[in-house]
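Visitor: Just a sequence and a predicted model for now, questions to come.
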Amino acid sequence: MAEGARVWFIPDGYIPERSTGSLESHEAICVLNATTAPATLSITFYFEDRPPIRDITVTVEAERTRHIRTDISKDMGGAAVPKGTPYAVRVASDVPICVQHSRLDSSQDGLALMTSMAFPLIG
C-alpha cells in the first residue's frame, strides 16, 4: 500500500496584505516525497473572481521535502498568488506524496503561524 496520495486539496488560502516586523506574511505548500522516485507536481490555483492558474509544475526530489512559497514566483514556475486574494489549491503528483499548508500572518505584532494538513483524494 502506498503512503500518501496523488491528489490533494487546500480549500483555504489567503496571504495577508500587511506585514509587521522582520517577518513577511506568507503561505507555503509543504510537500513530503517519501518515495524513491522524484515527484512531479501539477498545481492549480482557484480564485473567487478570476480564472484559475493552471499547470504550475514543481519537482520534489525522492525522499525529500519542499516548501513552495505561494507568493514567490521562482518557487512556482513563474506564477505567484497575489496578497489579499482568497484562493484554493489542487496539488496532483505522479507519485504518492503528503501535503501540508502553512500560513505566517505577521499583520499584527503578535504574529501567528498556522498549519493544517491538506485534504487527500483517496481512490
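Guide: That came through, no problem. Just so it is clear, the model here is predicted, and its values are computed rather than measured.
Visitor: And the pLDDT at the residue nearest the centre of the chain?
Guide: With distances taken as Cα atoms, centre = their mean, the residue of the chain nearest its centroid is Ile29 (2.3 Å). Note for Ile29: predicted pLDDT of 94.
Visitor: Tell me who's in contact with it.
Guide: Counting by Cβ atoms under 8 Å, 6 or more residues apart in numbering, Ile29 touches 10, 43, 67-68, 70, 89, 91, 99-101, 118. To be clear about C-beta, it is placed using only N, CA and C from the backbone, and glycine gets the same treatment.
Visitor: What strand or helix carries it?
Guide: strand 26-33 (DSSP states H and E).
Visitor: What pairs with that strand, parallel or antiparallel?
Guide: If you go by DSSP bridges, strand 26-33 pairs up with strand 64-69 (antiparallel), strand 87-105 (antiparallel).
Visitor: Looking at the ones you listed, which one is packed in the most?
Guide: Most buried of these, by mean neighbour count (mean count of other Cβ atoms under 10 Å): strand 87-105, with a mean of 19.
Visitor: Could I get the CA-only coordinates of the worst-scoring helix or strand of the chain on mean pLDDT as CSV?
Guide: Ranked by mean pLDDT, DSSP states H and E, the helix or strand of the chain with the weakest confidence is strand 112-117, at a mean of 75. Presented in CSV, the C-alpha positions along strand 112-117 are these (Å, rounded to 0.1, in the frame of the first residue of the first chain):
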residue,chain,number,x,y,z
ALA,A,112,0.5,33.7,14.1
LEU,A,113,1.8,30.6,12.4
MET,A,114,-1.0,28.3,11.3
THR,A,115,-0.6,24.9,9.7
SER,A,116,-3.0,22.2,8.6
MET,A,117,-3.0,19.0,6.6
